[in-house]
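Trainee: fold the following.
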Amino acid sequence: MLRIAKLTDYATLLMVRLARDPARSFSAAQLADELRIPLPTVAKLLKRLLQAHLLTSVRGVGGGYSLAHAPRAISVAEVVSAIEGPVALTECARGAGNCSLEGGCAAGSNWKLISRAVRVALEAVSLADMAMPPLQSVHVQALQEKKP
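Mentor: Reported below is the predicted structural model:
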């Protein structure tokens, strides 16, 4: 079964919460309490999302975390990549030299194709889309037309 990691799921929840109120800043404690995610986990995720330039932070009273870009400008692929690294379903799909079997593997090019399709699908969904389920605004045509 293909699944995203629990930390990536939590990071997506954090980002969607911020996308629902993009003009507001939230403290790590507020996010942890509202989403019922342990504070140390929230702090770890916020740090990674800051490093990926998906969030901004302001220290002090009235400070907190907010999106670095408009919700429409941040894709789910960017959130996944910030936590897990590049979207790739197998080692060979991450690039040359990552798999000891790549020289004689008959499935490698197909895994790269599948990974690209997953990446394109994740790139087609923005935080704005995720903040307003169900995903009716995502067009199937966009999934088919986007190139890596």
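
Trainee: which residues touch stretch 13-24?
Mentor: 26, 31, 34-35, 37, 42, 45-46, 49, 54-55, 65-67, 70-71, 74, 79, 127-128, 130-131 (Cβ atoms under 8 Å, 6 or more residues apart in numbering). Every C-beta, even on glycine, is put in place using the N, C-alpha and C of the backbone.

Trainee: go with 6 Å
Mentor: For stretch 13-24, contacts defined as Cβ atoms under 6 Å, 6 or more residues apart in numbering pick out 31, 35, 45, 67, 71, 79, 127, 130-131.

Trainee: could I get the buried residue list for that stretch?
Mentor: Across stretch 13-24, burial judged by 16 or more other Cβ atoms under 10 Å covers 13-19.

Trainee: mind putting the contacts of stretch 13-24 into JSON lines with distance to residue 119 and pLDDT?
Mentor: Compiled in JSON lines, the contacts of stretch 13-24 are given as follows (distance: Cβ to Cβ, whole Å; pLDDT from 0 to 100):
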{"residue": "31", "distance to residue 119": "27", "pLDDT": "97"}
{"residue": "35", "distance to residue 119": "26", "pLDDT": "96"}
{"residue": "45", "distance to residue 119": "21", "pLDDT": "98"}
{"residue": "67", "distance to residue 119": "22", "pLDDT": "97"}
{"residue": "71", "distance to residue 119": "20", "pLDDT": "97"}
{"residue": "79", "distance to residue 119": "13", "pLDDT": "97"}
{"residue": "127", "distance to residue 119": "17", "pLDDT": "96"}
{"residue": "130", "distance to residue 119": "16", "pLDDT": "92"}
{"residue": "131", "distance to residue 119": "21", "pLDDT": "92"}
